[in-house]
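**Q** based on what follows, work out the 3D shape:
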Amino acid sequence: MKNKKIVFILMSVVLLSGCAQSTAFIGPAITVAATGNVGQAGFTYGTNEVFKKETGKDTVQYVTSLFELENENLLKSEEKKSKIDEDLIALVEGSIKKTRQKLLQEKAIN
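**A** Just a heads-up that it's a prediction; the model follows:
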């Protein structure tokens, strides 16, 4: 019976979390329920609020934006690498063609 209540409460929190005005209290509330450590939950809530005030984003939004920025930089880096690879291939192919022409000319002369 107790397990069913816990599962029901957790499912309700997950499904109804979008209905709450501010979901910043859910994490600390779960911490209090799981560990009974009110101090840790208060500290977590406080740091989340300060972080939101300073950055204008929740911690999850901030971390997500960092990953998106890193992915954009990675894509730009790969594009630059691809361009360098293409330039290198063109340079090597040009050198090979010039060398073949010189070899064919020398062979024709001899």
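**Q** C-alpha from now on. contacts and neighbour counts both.
**A** Fine.
**Q** who are the packing partners of the top helix by length along the chain?
**A** Longest helix in the chain by number of residues (criterion: DSSP state H): helix 59-109. Helix 59-109 sits against helix 38-55, with contacts defined as 3 or more Cα pairs under 8 Å, 6 or more residues apart in numbering; DSSP states H and E.
**Q** so what's the gap between the helix it packs on and the chain middle?
**A** Taking Cα atoms, centre = their mean, to the nearest Å, the mean C-alpha location of helix 38-55 is offset from the chain mean by 23 Å.
**Q** okay, the residue sitting nearest the centre point of the chain: pLDDT?
**A** For the chain, F67 is the residue whose C-alpha lies nearest the centre (Cα atoms, centre = their mean; 2.4 Å). We have a pLDDT of 84 for F67.
**Q** how is this structure carved up into domains?
**A** For the chain, the structural domains run 1-56, 59-110, going by automatic domain parsing.
**Q** tell me the gap between the last one and the middle of its chain.
**A** Per Cα atoms, centre = their mean, the displacement of domain 59-110 from the mean C-alpha position of its chain is 26 Å.
**Q** quick check: the gap between K52 and A41.
**A** 17 Å (Cα to Cα, to the nearest Å).
**Q** K57 too?
**A** According to Cα to Cα, K57 stands 20 Å off from A41.
**Q** looking at K52 and A41, which is more packed in?
**A** Taking other Cα atoms under 10 Å, K52 and A41 do not tie; A41 has more neighbours (21 against 16).
**Q** worst mean pLDDT among the domains of the chain?
**A** Among those, domain 1-56 carries the lowest mean pLDDT (a mean of 71).
**Q** count of neighbours near V92?
**A** Around V92 there are 12 other residues, counting by other Cα under 10 Å.
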